[in-house]
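K.L.:
Dropping a prediction and its sequence here:
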Amino acid sequence: MLVKHERFVAEAASRGAQVICFQELFYGPYFGIVQDKKYYGYAEPVPGPVTERFAALARQHQMVMVLPVYEEEQPGVLYNTAAVVDSDGTYLGKYRKHHIPHLDRFWEKFYFRPGNLGYPVFDTAVGKIGVYICYDRHFPEGWRNYGLGGAELVFNPSATKPGLSNRLWELEQPAAAAANQYFVGANNRIGSETDEFGDQAVTFYGSSYFVDPHGNYVGEIASESDEEIVIRDLDLSLVRQVRDDWQFYRDRRPDTYGPIVAP
């Protein structure tokens with residue numbers, strides 16, 4: 001998977017990409033399908049070997065990278081994390097997934113602690129970037145935190161299967177982009193990992209896309225069945241234009257939102 005994603009980087013660079021985000025837990029199978037402690041072995045420090053390996057590629061191709069990895073802070077303290085690397089190979093920091101699901105074949109509480117680093121916005125060579133991860137997208141409060149932090153583009157790397165999520169995949173990220181007035185990049189794992197999980201494997205449905213601050217798709221939605229690199233041109237100046245037209249940040253009323261954060 002590491003070699004495969006190195007090839008993706010080279011192809012994306014040849015097509016002019018300036019920033020790339022991989023799928024959730026990109027360098028291995030989505031092991032939340034089962035509860036097996038052998039997968040703890042996929043975790044590593046962040047920054048660590050995978051981060052450093054792709055930081056060298058970021059520097060080579062002058063490309064910002066979002067790297068969703070399995071992080072070990074110390075033995076037994078593990079997170080679903082995304083490292084962010086700037087186009088000169090500088091490690092800028094990380095986001096840890098806040099909202100951890102635990103349901104059939106998404107047994108993530110077996111593997112991850114909830115994130116504790118807030119909602120950092122990374123000032124990269126291409127603009128201000130935030131990261132939400134998969135199940136996080138169901139919670140609008142984090143999306144708004146990124147808007148308040150000045151994000152221009154928020155990625156949501158995912159491993160999402162058919163069922164309850166299909167309609168939400170269509171709705172939530174365009175709605176978040178429009179409500180918070182920034183671009184969203186929604187990328188999903190694709191295919192079935194039957195070699196790893198046999199009959200328990202699910203079929204991830206891809207359908208990756210970008211949406212603009214109006215909530216409109218930028219280009220077509222990607223395939224549900226075929227692996228591909230989705231490359232789109234994003235004009236980040238549209239963020240300012242939309243915020244000038246719709247003054248959501250002026251008109252919001254945080255003094256009235258107390259019940260949202262009540263336990």
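P.N.:
Looks like it arrived, so ask away. As the structure is a computational prediction, the values presented were derived from the model and not from experiment.

K.L.:
Around Ser87, how many other residues sit close by?
P.N.:
17 (other C-beta atoms under 10 Å). Placement of C-beta: from N, CA and C, glycine included.

K.L.:
okay, the closest residue to it other than its chain neighbours: pLDDT?
P.N.:
Using C-beta to C-beta, 6 or more residues apart in numbering and skipping the chain neighbours, the partner closest in space to Ser87 is Ala125 (4.0 Å). Confidence at Ala125, expressed as pLDDT, is 98.

K.L.:
again with Ala186
P.N.:
Note on Ala186: pLDDT of 98.

K.L.:
Quick check: bridge partners of it?
P.N.:
Asn156, Tyr209 (DSSP bridges).

K.L.:
Quick check: which ranges of the stretch 51-200 of the chain have low pLDDT?
P.N.:
Nowhere does the stretch 51-200 of the chain drop to pLDDT under 70.

K.L.:
how about the helices of it, start to end?
P.N.:
Counting by DSSP state H, counting those that start in this stretch, the stretch 51-200 of the chain has helices at residues 140-148, 165-180, 194-197.

K.L.:
between the longest one and helix 140-148, what angle do the directions make?
P.N.:
To tie it back to what came earlier, the one meant is helix 165-180. Counting by axes from the mean of the first three to the mean of the last three C-alpha atoms, to 10 degrees, helix 165-180 lies at 40 degrees to helix 140-148.

K.L.:
Show me what counts as buried in helix 165-180.
P.N.:
Ser165, Trp169, Glu172, Gln173, Pro174, Ala175, Ala176, Ala177, Ala178, Ala179, Asn180 (16 or more other C-beta atoms under 10 Å).

K.L.:
Now do the same contact list for Gly130.
P.N.:
Tyr95, Tyr119, Pro120, Val121, Phe122, Tyr146, Gly149, Ala151, Leu153, Val154, Phe155 (C-beta atoms under 8 Å, 6 or more residues apart in numbering).

K.L.:
what's the burial count for Gln247?
P.N.:
Per other C-beta under 10 Å, the neighbour tally for Gln247 reads 10.

K.L.:
measure it to Leu148 for me?
P.N.:
14 Å (C-beta to C-beta, to the nearest Å).

K.L.:
ok, now Arg250?
P.N.:
Taking C-beta to C-beta, one finds Arg250 at 13 Å from Leu148.

K.L.:
Those two: which is more packed in?
P.N.:
Neighbours were tallied for Arg250 and for Leu148 using other C-beta under 10 Å; the higher tally belongs to Leu148 (13 against 7).

K.L.:
and the nearest residue to the more buried one once chain neighbours are set aside, helix, strand or coil?
P.N.:
Leaving aside its chain neighbours, Leu148 sits nearest to Tyr249 (7.7 Å; criterion: C-beta to C-beta, 6+ apart). Here Tyr249 is helix, with the state taken from DSSP: H, G, I helix; E, B strand; the rest coil.

K.L.:
confidence score at Tyr249?
P.N.:
So, for Tyr249, pLDDT stands at 97.

K.L.:
same question, Gly219
P.N.:
With respect to pLDDT, Gly219 has a value of 97.

K.L.:
which of the residues in the longest strand anywhere in the chain are buried?
P.N.:
Across the chain, the longest stretch assigned as strand under DSSP state E is strand 64-74. By 16+ other C-beta under 10 Å, the buried positions in strand 64-74 come out as Val64, Met65, Val66, Leu67, Pro68, Val69, Tyr70, Glu71, Glu72.

K.L.:
would you turn those into CSV with distance to Gly48?
P.N.:
Shown next, in CSV, are the buried residues of strand 64-74 (distance: C-beta to C-beta, whole Å):
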residue, distance to Gly48
Val64, 19
Met65, 14
Val66, 16
Leu67, 10
Pro68, 14
Val69, 8
Tyr70, 10
Glu71, 8
Glu72, 8
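
K.L.:
Need the max-distance pair from these.
P.N.:
Val64 and Glu72 (24.5 Å; C-beta to C-beta).
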